[in-house]
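Asker: The following block contains a protein sequence and its predicted model.
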Amino acid sequence: MSVTAEQLGFEALLNETDAVNRSRKIERETAHLPGTMSEALPFYRVLLKQHHAVMLAANIDEAMRLRKEAHNLVLRLNGGNKGILAEPDSPGNVLDRESAASADATPLWGQSGSFVIEAADMKARIELEGIFGIAASSFYWPGFSAHAVEFDRPFLSATGYRSFLGIHAEPVPGITPEEFTRRVVEAYVTRELKGALVPIAEKYRNRDRR
């Protein structure tokens, strides 16, 4: 079946109309939010504190609402375009980077952060995802990765690295990111490793270490 030029033109018109409608919808949904990065940064930092508080209260609905609000904020800053994390200077990455926890400090819930925990007779550097992390829009608990600190001692894997994404666990009032990551790591060692840590392979011991 052939397609006429008129039909192609009609399809283009429909696509253009859809794009305009989507743009107007985004504008309506985000009109109450800051439209510049200088305004967005303080707004976002307040939102992080609110998100931390509702996570400590184990309020799932409010936590997810605030994450949606953060997503709408960066969508507005990005002119309604989806690539909010596409480049280092995309608005989602800028907000996350400029609002991250200080080095080795335990972050707020929703902040990105890097800190060291002791769990299951080992040390691990935790890289915790923030509100714009891979798991944050679909799961209550954020994802994180664990990196070896002592390469001459057993760890969670032979590579000195283990990621934890899509964590299924009931909300726990009052739990901090530090305690949460410790519990997840300890549960992994108990259940998946049967209580036995793994020696780090020689080829991974001499790589650049944090």
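Answerer: Happy to help now that I have it. All of these numbers come straight from a predicted model, not from anything done at the bench. Numbers count the residues shown, from 1 in each chain.

Asker: any idea how far the residue positioned nearest the centre of the chain is from L197?
Answerer: Taking C-alpha atoms, centre = their mean, the centroid of the chain lies closest to G133, which sits 1.7 Å from it. Distance from G133 to L197, counting by C-beta to C-beta, to the nearest Å: 26 Å. (Glycine included, C-beta is placed from N, CA and C.)

Asker: where does this structure dip in pLDDT?
Answerer: Residue ranges of the chain with pLDDT under 70: 1-26, 206-210.

Asker: quick one: the helices in it?
Answerer: 5-30, 37-56, 60-77, 91-98, 177-191, 202-205 (DSSP state H).

Asker: Would you format these as TSV with distance to R153 included?
Answerer: Below are these laid out as TSV (distance: least, C-beta to C-beta, whole Å):
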stretch	distance to R153
helix 5-30	49
helix 37-56	32
helix 60-77	36
helix 91-98	32
helix 177-191	13
helix 202-205	10
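
Asker: Columns mean neighbour count and distance to K123 on top of the ones you listed, output as TSV?
Answerer: Listed next are the helices of the chain as TSV, based on neighbours: other C-beta atoms under 10 Å; distance: least, C-beta to C-beta, whole Å:
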stretch	mean neighbour count	distance to K123
helix 5-30	11	43
helix 37-56	17	25
helix 60-77	19	29
helix 91-98	19	26
helix 177-191	17	11
helix 202-205	12	15
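
Asker: Of these, which is nearest I117?
Answerer: When those are compared by C-beta to C-beta, helix 177-191 sits nearest I117, at 5.1 Å.

Asker: Extract the C-alpha trace of that closest one and format it as CSV.
Answerer: Output of helix 177-191 as CSV, limited to C-alpha atoms (Å, rounded to 0.1, in the frame of the first residue of the first chain):
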residue,chain,number,x,y,z
PRO,A,177,21.2,6.0,54.7
GLU,A,178,24.2,4.8,56.6
GLU,A,179,22.2,2.2,58.6
PHE,A,180,20.2,1.2,55.6
THR,A,181,23.2,0.5,53.5
ARG,A,182,24.9,-1.4,56.3
ARG,A,183,21.8,-3.6,56.8
VAL,A,184,21.5,-4.3,53.0
VAL,A,185,25.2,-5.3,52.8
GLU,A,186,25.0,-7.5,55.9
ALA,A,187,21.9,-9.2,54.6
TYR,A,188,23.6,-9.9,51.3
VAL,A,189,26.6,-11.4,53.0
THR,A,190,24.3,-13.6,55.1
ARG,A,191,21.9,-14.7,52.4
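
Asker: can you give me the angle that helix makes with helix 37-56?
Answerer: 50 degrees (axes from the mean of the first three to the mean of the last three C-alpha atoms, to 10 degrees).

Asker: Just list what helix 177-191 packs against, helices and strands only.
Answerer: Applying 3 or more C-beta pairs under 8 Å, 6 or more residues apart in numbering; DSSP states H and E, we find helix 177-191 packed against strand 113-119, strand 122-128, strand 144-148, strand 161-164.
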